[in-house]
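Asker: Dropping a prediction and its sequence here:
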Amino acid sequence: MSRSMKKGPYVDEVLFNKVARLRDTGANTPVKVWNRACTIVPEFVGQNFDVHNGKTFIRVYVTEDMVGHKLGEFAPTRTFRSHTAREVKK
Amino acid sequence: MPRIAGVDIPSAKRIDVALQYIYGIGAHRAQEILRKAGIDASVRANKLTEDEVSRIAGIIERDYAVEGQLRRQVQQNIARLRDIRCYRGLRHMRGLPVRGQRTRTNARTRKGPRKTVAGKKSVKEMR
């Protein structure tokens, strides 16, 4: 079920303030994030984030298109394994 | 045969059913359109007057995205998810279910026909 409109988007306030401070100084240094559930708000556009995937940090550069998604959506937590393509039967 | 929204030529069925042959129009929208046009839903499509057909066509044109336009919209939405490389985009790229369904079994609609893999336990063995 989607989140109630009344509450507004879920944004990690500590992270939001940290980003706001960074923007004031004009810096673009990556911010380490563990809170993958935090929604990307327009203020985050153009910033770099290092999003934790449970093991390492994945560098995410936020573009305008990403607004409304969660930070975690851009840092996959699973390694994708595929089988090698099957040989064509003769 | 009446012709609405480009190529679609709905048949000699009730007009509310015939409209559903258009991509992007289901039972609900068909009723909605007919209400707006003030046309009885039980009339056969081929019994409609020229004027009624053009009224329906006008309403669809104005209020709904259908057929090619709608298909393009859907493709664009998927392309956007791919471009930003988010989780849903990745699932689309890999042809796996997007909305968190299990993939250990089932998910055949997305994955296509079964490809048997040596060494993988069958459902029977798992029990």
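Answerer: Thanks, I have the structure now. Values in this document were obtained by computation on a predicted structure and should not be read as measured data.
Asker: does any part of stretch A:48-58 sit near chain B?
Answerer: No - Stretch A:48-58 lies apart from chain B when judged by Cβ under 8 Å from any Cβ of the partner chain; the minimum separation is 10.3 Å. In short, each C-beta sits where N, CA and C put it, glycine included.
Asker: Mind telling me which residue of chain B is nearest chain A?
Answerer: residue B:86 (4.1 Å; Cβ to the nearest Cβ).
Asker: which regions of chain A lie under the pLDDT threshold?
Answerer: For chain A, the stretches flagged by pLDDT under 70 are A:82-90.
Asker: Now the phi/psi pair for the spatially most central residue of it, please.
Answerer: Central residue of chain A (Cα atoms, centre = their mean): residue A:71, 2.1 Å from the mean position. Residue A:71 has phi and psi values of phi -60, psi -40 when expressed as degrees, to the nearest 10.
Asker: Now do the buried residues in stretch A:37-53.
Answerer: Residues of stretch A:37-53 classed as buried by neighbour count (16 or more other Cβ atoms under 10 Å in any protein chain shown): A:38, A:39, A:40, A:44, A:47, A:49, A:50, A:51, A:52.
Asker: Name the nearest of those residues relative to chain B.
Answerer: Once Cβ to the nearest Cβ is applied, the member of those that ends up nearest chain B is residue A:40, at 10.0 Å.
Asker: For the nearest residue to residue B:31 once chain neighbours are set aside, which residues are in contact?
Answerer: Nearest residue to residue B:31, sequence neighbours excluded (Cβ to Cβ, 6 or more residues apart in numbering or on different chains): residue B:16, at 6.1 Å. With contact taken as Cβ atoms under 8 Å, 6 or more residues apart in numbering or on different chains, residue B:16 is in contact with B:27, B:30, B:31, B:34, B:41, B:42.
Asker: hmm, back to that, isn't the residue nearest to the centre of chain A right next to residue A:35, touching?
Answerer: Yes - counting by Cβ atoms under 8 Å, residue A:71 touches residue A:35, with 7.2 Å between them.
Asker: so what's in contact with these two at the same time?
Answerer: With Cβ under 8 Å, 6+ apart, residue A:71 and residue A:35 have no common neighbours.
Asker: Compute the number of surrounding residues for residue A:63.
Answerer: Using other Cβ atoms under 10 Å in any protein chain shown, residue A:63 has 13 other residues around it.
Asker: Alpha carbons only: can I get stretch B:36-45 in CSV?
Answerer: Output of stretch B:36-45 as CSV, limited to C-alpha atoms (Å, rounded to 0.1, in the frame of the first residue of the first chain):
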residue,chain,number,x,y,z
LYS,B,36,-20.5,11.4,-21.8
ALA,B,37,-21.8,10.9,-25.4
GLY,B,38,-25.3,10.2,-24.1
ILE,B,39,-25.6,7.0,-26.1
ASP,B,40,-27.4,3.8,-25.0
ALA,B,41,-24.8,1.1,-24.3
SER,B,42,-27.0,-1.7,-25.7
VAL,B,43,-27.1,-0.4,-29.2
ARG,B,44,-25.2,-2.6,-31.8
ALA,B,45,-22.1,-0.9,-33.1
